[in-house]
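Student: Next comes the sequence, and after it the predicted model I'd like to discuss.
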Amino acid sequence: MVSITDPYDALLVVSFGGPEGQDDVIPFLENVTRGKNIPRERLEEVGEHYRLFGGRSPINDQNRALIANLEHELAERKISLPVYWGNRNWDPYLADELARMRDDGVERVAAFVTSAYDSYSGCRQYREDLWRAVRKVGPGAPRIDRLRHSFDHPGFVTANADGVVGALGDLPRDVADRARIVYVTHSIPDAMAETSGPTGGAYVAQHLAVASAVSAQVQARTGVERPHDLVYCSRSGPPSMPWLEPDVNDHLAALASDGVEAVVLAPIGFLSDHMEVAYDLDTEALATAKELGIAAARAATAGTHPDFVDTVIDLLLERAAVERGESVVRASIGAPGPAADVAPAGCCPNLREDLPALCGADSPPYP
Ligand SMILES: CC1=C(CCC(=O)O)c2cc3nc(cc4[nH]c(cc5[nH]c(cc1n2)c(C)c5CCC(=O)O)c(CCC(=O)O)c4C)C(CCC(=O)O)=C3C
Ligand SMILES: [Fe+2]
């Protein structure tokens, strides 16, 4: 009997990983920045962000919550499929989880990566680490298909629109109708943005599409048209290297001098409230807004919103149908359109060194 999840034996949630206590902070940061050109001062600064929160990133608990919701929703739909979880930079590591899956008899797995957009950081870097994990496990490692990026799935957009509507409700009533919606994502080097996706420029184009789609939904639901912007947080790297701008704090200052009284900060670049959201937005940017005298509220991320949980399952069922050779209608908000199932050769290149990566047209054969 054909099951709607065939040919998959499991779903694997692939994430970044984060420290769970003060002793983890330095080893975690060493894992993240190995081979990268991150200045010492920046590392110490980021270490302090984690220390402020007891050395514990919120990201692992958020992944545990997402997985619990996925398991619940799969059970509700009478779909019997185990869910596994492996990280790039912290326990549970990808290679350990792949070995566990192999021992459990899993041969073929669909991987949901907790990164919604195309760029080296959100695409190829995960696929390089999947290759490294597969090579470490060796023969018998399950075959992995990475699900397409979730940015343009209508469920992701609705979850974010709900977040913005909720944040508008947190603003003082007299200014909420005049609030500006400031969409925020992770800054990346200009060179990484320019080369993102199959033909370049995908990172910014995909965010602009999501920002417009979320704003249109918010307008439809509130009956108020509000201006919006796309800005960046969490810049790293040497100061000499250009990264995407404006920074959210600089942007708030510019808005204040233009007389803007209220903003919603909507972190569409992040799938859950991890450290960039908890520190860079909730701690730093909200303090900046306060100093400037702007009323500000932060919109919830997709997190465990039911529409986002459904999005993950929908992407899984879509890809399973594709692999069975069936034709599918892909849920999408439209241009720039769904990202590819199999990453095209050379997409989201690693500009530092050429490394083998899984789930692409240019991937090496399994060991
Ligand atoms: C696009 C993007 C995403 C979104 C896609 C995705 O979700 O993957 C993302 C996610 C995350 N980034 C995270 C943490 C860090 N990122 C760093 C460094 C960097 N990120 C970059 C980009 C991105 N990062 C880049 C271009 C660098 C410079 C180094 C390099 O060129 O690769 C550093 C080193 C210190 C610093 O440089 O700031 C840390 C500690 C965490 C965990 C948070 C937690 O613990 O809750 C998460 C989810
Ligand atoms: Fe990062």
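Tutor: Happy to help now that I have it. What you see is a predicted model, and the numbers here were worked out from it, not measured in a lab. Ligands and ions are numbered 1, 2, ... in the order given.
Student: domain assignment for the protein?
Tutor: The chain is divided into the following domains under automatic domain parsing: 10-151+304-323, 154-298.
Student: Same list, the ones you listed, but as JSON lines with mean pLDDT and distance to Gly360 please.
Tutor: For every residue, glycine as well, the C-beta is placed using N, CA and C. Shown next, in JSON lines, are those (pLDDT from 0 to 100; distance: least, Cβ to Cβ, whole Å):
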{"stretch": "domain 10-151+304-323", "mean pLDDT": "97", "distance to Gly360": "6"}
{"stretch": "domain 154-298", "mean pLDDT": "97", "distance to Gly360": "11"}
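Student: Out of those domains, which is closest to Glu353?
Tutor: When the domains of the chain are compared by Cβ to Cβ, domain 10-151+304-323 sits nearest Glu353, at 7.8 Å.
Student: Mean neighbour count and distance to Pro336 added to the domains of the chain, as a markdown table?
Tutor: Formatted as a markdown table, the domains of the chain follow (neighbours: other Cβ atoms under 10 Å; distance: least, Cβ to Cβ, whole Å):
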| stretch | mean neighbour count | distance to Pro336 |
| --- | --- | --- |
| domain 10-151+304-323 | 19 | 9 |
| domain 154-298 | 19 | 5 |
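Student: Distance to Leu351 for these - can I get that in TSV?
Tutor: Output for these, formatted as TSV (distance: least, Cβ to Cβ, whole Å):
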stretch	distance to Leu351
domain 10-151+304-323	7
domain 154-298	6
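Student: Nearest to Gly334, out of the ones you listed?
Tutor: domain 154-298 (7.5 Å).
Student: about what we covered before: how about the domains of the chain in a markdown table, adding distance to ligand 1?
Tutor: Supplementary listing: the domains of the chain in a markdown table, determined by distance: least, Cβ to the nearest ligand atom, whole Å:
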| stretch | distance to ligand 1 |
| --- | --- |
| domain 10-151+304-323 | 3 |
| domain 154-298 | 3 |
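Student: okay, which residue is most central for this protein?
Tutor: Centre of the chain computed as the mean C-alpha position; nearest residue by Cα atoms, centre = their mean is Ser115, 2.7 Å away.
Student: my guess is Phe270 contacts Thr301, does it?
Tutor: Yes: here Phe270 reaches Thr301: they are 5.3 Å apart, a contact under Cβ atoms under 8 Å.
Student: Find the residues that touch each one of those two.
Tutor: Val277 (Cβ atoms under 8 Å, 6 or more residues apart in numbering).
Student: does Ile181 sit in a helix, a strand or a coil?
Tutor: Classification of Ile181 by DSSP: H, G, I helix; E, B strand; the rest coil places it in strand.
Student: Kindly apply the preceding question to Asp145 instead.
Tutor: strand.
Student: now do Gly166
Tutor: Judged by three-state DSSP, the three-state class of Gly166 is helix.
Student: which residue ranges form the strands in the stretch 1-150 of the chain?
Tutor: Listed in chain order, the strands of the stretch 1-150 of the chain (DSSP state E, counting those that start in this stretch) span 10-15, 83-87, 108-113, 143-146.
Student: can I get those in TSV with distance to Gly54?
Tutor: Formatted as TSV, those follow (distance: least, Cβ to Cβ, whole Å):
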stretch	distance to Gly54
strand 10-15	20
strand 83-87	19
strand 108-113	27
strand 143-146	33
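Student: Ok, which of those comes nearest Ala167?
Tutor: Once these are compared by Cβ to Cβ, strand 10-15 is nearest, at 24.9 Å.
Student: Work out the gap between the closest one and the centre of the chain.
Tutor: Centroid separation for strand 10-15 versus its chain: 14 Å, with Cα atoms, centre = their mean, to the nearest Å.
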